[in-house]
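Visitor: Can you look at this prediction? I've put the sequence above it.
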Amino acid sequence: MRIGLFDSGIGGLTVLAQLVKYTPEAEYFYVADTLNAPFGTKTQDQVLTISLKVISFLQKLGVDCVVTACNTADSSIRSARIDLQIPYFGILDFEIPEDMKKAAVIATKFTAESGVYSRILRSKGVEEVIEIPCQSFVKIVEEDLINSPMADEEIENCMSTIRNTDISNLILGCTHFPFLADRIKAHFPKLTLFDPAQSVAKKVSQKFVKTNDNQGKVNFYVTKDPSGFLAKIVKYQSLFSLPFTVQQIDLEDSQR
């Protein structure tokens, strides 16, 4: 089985980790569009254009399905209602506990302002939803500042609106944010954190017949600074524990 997934950087590693947990025998094709990062500050049209180029590239590699390991990208694709002509799994297609009635969502600027989580969660029976833009969290993760004073300061600044509320559920609405889960719990110990990636990974594993014929591995494709990306992958390889390669690509050339 060949699974394609993409993100603007290393955030998608949290999705890859869940996919490998459920489908370790698959061959993964991960596009990190580091040239256009971050996605969360761009317009919907810009993100959609980028996403379609990446998906086209993955289709040419012969993947069996595409997983958007980026909430911003999935939101833009959903809004456009495009038939991608390939099995598609969005990070926003997740399940929640039936008794969840109130929730806060932290996400990129794009995702938070789109209101997509409010619409999805309300359709699932959640009565109160607070969407909080925490764009700075992406930079903190990408620049390896997770354990820095800056991370603590930004967590307090971004999430202060729920400090004195009775909300106990927090949805990590960006695939970069699970990297900050421990820091967030240190500041907000009463919150229960939900990572949509686990739900999506389960759906992917249930869609395809498992085989033991293949040796799982990951093919990383980056659009800028492959050496810098490789250094990050080496640091977080324990998340997916499969052999991997990294190579640079030009998405514009791949469209020709």
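Guide: Looks like it arrived, so ask away.

Visitor: Name the residues of stretch 28-40 that are buried.
Guide: Across stretch 28-40, burial judged by 16 or more other C-beta atoms under 10 Å covers 28-40. C-beta coordinates here come from the backbone N, C-alpha and C atoms, glycine included.

Visitor: could I get that stretch in PDB with only the CA atoms?
Guide: This file holds the C-alpha atoms of stretch 28-40, laid out as PDB (Å, rounded to 0.1, in the frame of the first residue of the first chain):
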ATOM      1  CA  TYR A  28       4.700   6.500   2.700                       C
ATOM      2  CA  PHE A  29       5.200   9.500   0.400                       C
ATOM      3  CA  TYR A  30       5.400  12.600   2.500                       C
ATOM      4  CA  VAL A  31       5.600  16.100   0.800                       C
ATOM      5  CA  ALA A  32       6.800  18.900   3.000                       C
ATOM      6  CA  ASP A  33       6.200  22.200   1.100                       C
ATOM      7  CA  THR A  34       8.800  24.100   3.100                       C
ATOM      8  CA  LEU A  35       9.100  26.600   0.300                       C
ATOM      9  CA  ASN A  36       5.500  27.900   0.800                       C
ATOM     10  CA  ALA A  37       5.500  27.500   4.600                       C
ATOM     11  CA  PRO A  38       3.600  28.500   6.600                       C
ATOM     12  CA  PHE A  39       0.200  27.700   5.100                       C
ATOM     13  CA  GLY A  40      -1.800  29.300   7.900                       C
END
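
Visitor: Find the nearest non-adjacent residue to Ser136, please.
Guide: Excluding the flanking residues, the one nearest Ser136 by C-beta to C-beta, 6 or more residues apart in numbering is Glu154, at 4.7 Å.

Visitor: Among the buried residues of stretch 28-40, find me the one that's closest to Ala80.
Guide: Phe39 (14.7 Å; C-beta to C-beta).

Visitor: I figured that closest one hits Ile50, correct?
Guide: Yes: using C-beta atoms under 8 Å, Phe39 is in contact with Ile50, at 7.0 Å.

Visitor: which neighbours do the two share?
Guide: Shared contacts of Phe39 and Ile50 (C-beta atoms under 8 Å, 6 or more residues apart in numbering): Asp33, Ala73.

Visitor: Next, work out how far apart Gln135 and Gln237 are.
Guide: As defined by C-beta to C-beta, to the nearest Å, Gln135 lies at a distance of 27 Å from Gln237.

Visitor: Look at the two and report which has more neighbours.
Guide: Gln135 (18 against 14; other C-beta atoms under 10 Å).

Visitor: Show the contacting residues for the residue lying closest to the more buried one once chain neighbours are set aside.
Guide: Counting by C-beta to C-beta, 6+ apart, Gln135 lies nearest to Lys109, which is 4.5 Å off, once chain neighbours are set aside. By C-beta under 8 Å, 6+ apart, the contact set of Lys109 is Gly40, Thr41, Pro133, Gln135.

Visitor: Nearest to Asp74 among those residues?
Guide: Nearest member of those to Asp74, counting by C-beta to C-beta, is Gly40, at 12.3 Å.

Visitor: In three-state terms, label the closest one for me.
Guide: What DSSP: H, G, I helix; E, B strand; the rest coil gives for Gly40 is coil.

Visitor: how close does it sit to Leu16?
Guide: Counting by C-beta to C-beta, the gap from Gly40 to Leu16 is 19 Å.
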